[in-house]
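**Student:** What follows is a protein structure lacking sequence information:
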Ligand SMILES: C[S@@+](CC[C@H](N)C(=O)[O-])C[C@H]1O[C@@H](n2cnc3c(N)ncnc32)[C@H](O)[C@@H]1O
């Protein structure tokens, strides 16, 4: 399948899951708590915003003067704003039709907080369609994505790389697993290399820690996300940037 066909599927998938607001509650609340942890700020930029089922825009607009949503699927973001009853008066703006595959997006102003939420696995899937999936290429592809997040964030700002790690398709126990067993369960899966390509948290931490613009990193506890018929394990990495 060509990368273009994968994108068409992604659009269809966005339409099918646009009303997953309630199902995404735990996922949305986990992300929200992280994004507002360091207090109020001027600009939040969210990459892969799509249906925004993971962003309570009204609540977030109480903490950020402006919120910039970036995705290739403009319609998904427009309909999310209608569902959530927010608009530009609330400081929310849409940057649609932006293809993030090449990680070349250069924002017009640095964000205080940048989040990439469950976008990376989609991008990597498209990349792998047209390229050999060697470990080195995947690592370089991820480095470019992380670089885009860091470059668009102000000094001493915060970057959140949030990704789906595995789903109940290859880890069927996930659906019934109590939340307090999730981190241990996922450590086991990582040891057995049962996770989506490119999402090994330890490889990502290493990459971020070797970046001179990053002051500190921390691995965030995992949570579950129900999307359509599937259950995903999701985790995040927070990077605090250094002074320039
Ligand atoms: C799993 S969804 C996450 C959606 C959203 N964060 C939510 O919870 O409702 C992945 C998002 O990545 C976007 N996406 C996929 N490929 C993309 C690309 N090449 N460029 C920009 N966005 C892309 C899709 O349109 C979709 O909105």
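**Tutor:** Done, it's in. Note that the structure is predicted; figures quoted are calculated from it, not measured.
**Student:** got a list of contacts for stretch 27-38?
**Tutor:** 44, 53-56, 59-60, 63, 113, 115, 117, 158, 160, 162, 220, 223-226, 234, 236, 238 (C-beta atoms under 8 Å, 6 or more residues apart in numbering). To be clear about C-beta, it is placed using only N, CA and C from the backbone, and glycine gets the same treatment.
**Student:** Now the strand or helix carrying residue 138: buried residues?
**Tutor:** According to DSSP states H and E, residue 138 maps onto helix 135-151. Residues of helix 135-151 classed as buried by neighbour count (16 or more other C-beta atoms under 10 Å): 138, 141, 142, 143, 145, 146, 148, 149, 150.
**Student:** Run through who's touching it.
**Tutor:** Residues outside helix 135-151 that contact it (C-beta under 8 Å, 6+ apart): 47, 100, 102-106, 114, 116, 120, 123-124, 127-128, 131, 159, 161, 197-198, 203-204, 207-208, 211, 213-214, 239, 241.
**Student:** Now do the strands in this structure.
**Tutor:** Secondary structure of the chain by DSSP state E: the strands cover 41-47, 64-70, 92-95, 111-117, 153-167, 214-227, 230-241.
**Student:** Residue 207 versus the nearest residue to residue 124 once chain neighbours are set aside, what's the distance?
**Tutor:** On the basis of C-beta to C-beta, 6 or more residues apart in numbering, the spatially nearest residue to residue 124 that is not a chain neighbour turns out to be residue 198, at 4.9 Å. Distance, residue 198 to residue 207, by C-beta to C-beta, to the nearest Å: 11 Å.
**Student:** One more: residue 126?
**Tutor:** From residue 126 to residue 207 the distance is 20 Å (C-beta to C-beta).
**Student:** which residue sits closest to the residue in the chain positioned nearest to the ligand in space, ignoring its chain neighbours?
**Tutor:** Taking C-beta to the nearest ligand atom, the ligand has its nearest neighbour within the chain at residue 50, 2.0 Å off. Nearest residue to residue 50, sequence neighbours excluded (C-beta to C-beta, 6+ apart): residue 76, at 4.5 Å.
**Student:** Relative to residue 156, how far out is residue 244?
**Tutor:** Note on residue 244: its distance to residue 156, by C-beta to C-beta, is 9 Å.
**Student:** ditto for residue 218
**Tutor:** Distance from residue 218 to residue 156, by C-beta to C-beta: 16 Å.
**Student:** Please give me every residue in contact with residue 102.
**Tutor:** residue 144.
**Student:** for stretch 191-204, which positions count as buried?
**Tutor:** 195, 196, 197, 198, 199, 200, 201, 204.
**Student:** Phi, psi for the fourth one please.
**Tutor:** Listed backbone geometry of residue 198 is phi 80, psi 0, with angles given as degrees, to the nearest 10.
**Student:** ditto for the second one
**Tutor:** According to degrees, to the nearest 10, the main-chain angles of residue 196 amount to phi -70, psi 140.
**Student:** what sits against residue 26?
**Tutor:** Neighbours of residue 26 in contact, by C-beta under 8 Å, 6+ apart: 223, 224, 225.
**Student:** change it to 7 Å
**Tutor:** Shown in contact with residue 26 (C-beta atoms under 7 Å, 6 or more residues apart in numbering): 223, 224.
**Student:** do the same with residue 234
**Tutor:** 27, 118, 162, 163, 164, 165, 222, 223, 225.
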